[in-house]
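Undergrad: Quick check, what structure comes out for this input:
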Amino acid sequence: MTKRNRYDKNSECLYRGELAEKEFEIIAKNVYNLIVIPATKKQQKLDKFDFICKSRKTNKSYKIEVKAEKKYKRKHKNVSENWLWIEFKGISGYEGWLYGKSDFIAFEKGNEFWIIKRKLLLQIAENLIDLSEKALNSKSSQYKGYRRKQRPHELIAQIKYSDIEKYCKKWQKTLDYYRLFSKKSTECIYYDSKFYFYCFSRFW
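TA: Numbers count the residues shown, from 1 in each chain. From the prediction side, this is the model:
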């Protein structure tokens, strides 16, 4: 299990991230018939990827970093539909996942995962984002570098989903391979009689 970030006060980001990773794993295994190997904690932290996905036909393998949908601001209720966050540097000041060792980044977006080559995303981000301009808050961090309060070493920015859409392969979350149940205090993913519970009662 991923360690909770100290700024993630109520663990919402942790739960969202784990849920997205589990959904991606289910799709990769049961729709695309891939061999899925979870990354080690060291690989997640240093190499910035979550899974190694291997084709049974070609024997080729790819490293995948899964990014859950994010809110525009942490205090907002809903995730952003139009903007995604790009990480140039993490909170420790080391290179962010944009410069990691993954082959692809899988962005969760509604009922889909948008999958793009990391190196291509890097080119797009470097072309669109002016890191010499520093945003004062998250609202003005669109195509500008931004550091959140109490995180002086990180460097992030926002670009639009539409900036990358034509370069992405899309995986659908369809009822053909899983069912998503919403209850008062729990979100459940049901697959092959296994239940994955994420207690989100504080967030909905």
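Undergrad: Spatially central residue for this protein, please.
TA: The centre of the chain sits closest to residue 67, judged by Cα atoms, centre = their mean, with a distance of 0.4 Å.
Undergrad: For that one, what are phi and psi?
TA: When read as degrees, to the nearest 10, the backbone of residue 67 gives phi -120, psi 120.
Undergrad: quick one: which helix or strand includes the closest residue in space to it that isn't next to it in sequence?
TA: Nearest non-adjacent residue to residue 67, counting by Cβ to Cβ, 6 or more residues apart in numbering: residue 107, 5.0 Å away. For glycine as for every other residue, the C-beta is placed from the backbone atoms N, C-alpha and C. Per DSSP states H and E, residue 107 falls inside strand 104-109.
Undergrad: Can I get that strand in PDB, CA atoms only?
TA: Extracted C-alpha coordinates of strand 104-109, given in PDB (Å, rounded to 0.1, in the frame of the first residue of the first chain):
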ATOM      1  CA  PHE A 104       3.400   5.300 -20.400                       C
ATOM      2  CA  ILE A 105       1.300   7.600 -18.200                       C
ATOM      3  CA  ALA A 106      -2.300   6.400 -17.700                       C
ATOM      4  CA  PHE A 107      -4.500   9.400 -16.700                       C
ATOM      5  CA  GLU A 108      -7.800   8.500 -15.200                       C
ATOM      6  CA  LYS A 109     -10.600  10.700 -16.700                       C
END
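Undergrad: Alright, calling it a day.
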